[in-house]
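J.: okay, predicted coordinates and the sequence, questions at the end:
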Amino acid sequence: MPADFLERDLASLVHPLHDVKAQRAAHVWVRGSGALLFDADGKEYIDGLSGLWNVALGHGRRELADAAREQMATLAYASGYTGNTNVPAIELAEKLARLTYPRINRFFFTSGGAEANESAIKLARSCWKLRGQPAKTKVISRELGYHGTTLAAMSATGIAGYWPLFEPRVPGFIHIPSPYPYRAQATDGASHGVTIANELEKAIVREGAETVAMFLAEPVIGVGGVIVPPDDYFPRIREICDRYDVLFAADEVITGFGRTGRWFALEHWGVAPDIVQFAKAITSGYFPVGGVGISDQIAQVLDEAPVPWMHAYTYSAHPTGCAVALRTLQIIEEENLVTEASRKGAKLMDALRSRLANHPHVGEIRGKGFMCAVEFVNDRETKQPFAPEEQVGALVHEEAQKRGLFSRIRGDVFVLAPPFVIPDDLVERIAEILASATEAVLGR
Ligand SMILES: Cc1ncc(COP(=O)(O)O)c(C=O)c1O
């Protein structure tokens, strides 16, 4: 049966990141329950990445299906275009105003993360135009950052592998380095965090502050390999943005709604953005919803604009999506899942460290809250990576799958972000499987 599905799949579908060789060995996923996924072969896997970092509440939550069904039966869809609104959208925006940063109180909804970033970029540009500074259009983002694959989001994305088939990129997008504490170069005097944050100042000065609209960054890099910034990085970024009148847009598509152990990740460093992008866990993946929150200042500029803001999606403020999001946020609150994410993250880090910290090819085990990574290296002393053709990360992931753990890798970095509801014994089991898979590929 699975072979038949695969043949039909290959004949009929084009996939995200389409690669026919990989597709020939694809899993045919048929069912989910809690932190477990089942494929058409009947094999069970721990969902080590909560789907794609989104299924925070786990699979098979009847309450979310009920919220969708009830809303669909009442008012499945209505336009959200200006001149229209709906009750779930209003309630969701009010709830987000309470949960996000104090200065963020107004929301625009999208269907996912890339659309959220597109909207953030267009918001920043339009805001400067409306404020009489039309030359402020450039977007500064970071190497290793991931913001989605629509054209502007792809241009902001700092992982070069996403570009070649689709260039030219949108002009006016600039990349600066990301902090990467494990691979930090020695600096004289200033810390790694401040040194790398100062790259933003250098780029703004080089380009001319009067041409820069925004700085766009994930508080903790996700797809790029779960890279946690030093504590002094974002406070310095905020100072620089304020000094040069550059809007700071935080891409919290992965980090939002508790993943790092706080509702929103910049809270860890006492920093607030001007714009916040979110998606993924807002509905725990049960319905495609994303969005942007904007500061009161930006909202005022939009409200006072002499022309309409000509940015729109058919599915903006989709009533069913908003109803599922509301129920998701309610469950996160009722089940205290932000605290649970923090507790289970600490447990996973402990378990990974106790089993893998001394392995000769484990360079670093790192994480924030319940997003973690293990970076494999050829040489621990020099931190020299393996040659890409050795495919070490892919081999470890293959062995992990044989043992019942499914996640993703980026190069030789194995990333983990399990559902918040995963039982404690499965947290231990993830570390056990990853250690055994590592030994199978790299020895003891
Ligand atoms: C930080 C970040 N931003 C944006 C996106 C793009 O979201 P989507 O795939 O929903 O367009 C992702 C997806 O992984 C992401 O991790």
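T.: In hand now; what should we look at?
J.: residues in contact with the residue in the stretch 1-150 of the chain positioned nearest to the ligand?
T.: The minimum distance from the stretch 1-150 of the chain to the ligand, using Cβ to the nearest ligand atom, falls at Gly113 (2.2 Å). In short, each C-beta sits where N, CA and C put it, glycine included. Taking Cβ atoms under 8 Å, 6 or more residues apart in numbering as the contact definition, Gly113 lies against His147, Gly148, Ala153, Asp251, Val253, Gln277, Ala279, Lys280, Gly290.
J.: what does Gly48 give?
T.: By Cβ under 8 Å, 6+ apart, the residues touching Gly48 are Ala400, Leu405, Phe406, Ser407, Leu416, Ala417, Pro418, Ile430.
J.: pretty sure Val415 is one of the things the first one touches, is it not?
T.: No: taking Cβ atoms under 8 Å as the contact criterion, Ala400 and Val415 are not neighbours in contact, 11.7 Å apart.
J.: what's the neighbour count on Lys202?
T.: Around Lys202 sit 11 other residues, with neighbours defined as other Cβ atoms under 10 Å.
J.: with adjacent residues omitted, what lies nearest to it?
T.: Once flanking residues are discounted, Lys202 sits nearest to Ile176: 7.8 Å by Cβ to Cβ, 6 or more residues apart in numbering.
J.: the one you found contacts Arg142, doesn't it?
T.: Yes: assessed by Cβ under 8 Å, Ile176 is found in contact with Arg142 at 5.8 Å.
J.: the helix or strand harbouring Val415: partners in the sheet, and parallel or antiparallel?
T.: Under the criterion of DSSP states H and E, Val415 resides in strand 413-416. As defined by DSSP bridges, the strand partners of strand 413-416 come to strand 371-376 (antiparallel), strand 408-410 (antiparallel).
J.: and the spatially most central residue of the chain, how far from the ligand?
T.: Closest residue to the average C-alpha location of the chain: Ile254 at 2.6 Å, with Cα atoms, centre = their mean. The gap separating Ile254 from the ligand is 5 Å, by Cβ to the nearest ligand atom, to the nearest Å.
J.: quick one, what contacts the residue lying closest to that residue once chain neighbours are set aside?
T.: In space, Ile254 comes closest to Gly222 once its chain neighbours are excluded; the distance is 3.9 Å by Cβ to Cβ, 6+ apart. Contact analysis of Gly222 by Cβ under 8 Å, 6+ apart lists Trp53, Tyr146, Val253, Ile254, Thr255, Met371, Val415, Ala417.
J.: in a markdown table: these, plus pLDDT.
T.: What follows is those, written out as a markdown table (pLDDT from 0 to 100):
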| residue | pLDDT |
| --- | --- |
| Trp53 | 98 |
| Tyr146 | 98 |
| Val253 | 98 |
| Ile254 | 98 |
| Thr255 | 98 |
| Met371 | 98 |
| Val415 | 98 |
| Ala417 | 98 |
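J.: of the residues you listed, which pair is most distant in space?
T.: Across the contacts of Gly222, the two members that end up farthest from each other (Cβ to Cβ) are Val253 and Val415, 14.7 Å apart.
J.: of the two, who's got more company?
T.: Taking other Cβ under 10 Å, Val253 and Val415 do not tie; Val253 has more neighbours (28 against 24).
J.: show me what contacts Phe406?
T.: Contacts were defined as Cβ under 8 Å, 6+ apart; by that measure Phe406 touches His27, Leu37, Tyr45, Ile46, Asp47, Gly48, Leu49, Ala400.
J.: hang on, isn't Cys268 packed against Thr255?
T.: No Cys there; residue 268 is His. No: applying Cβ under 8 Å, one finds His268 not in contact with Thr255, separated by 9.5 Å.
J.: need the overlap of contacts for those two.
T.: Counting by Cβ under 8 Å, 6+ apart, the contacts common to His268 and Thr255 are Pro219.
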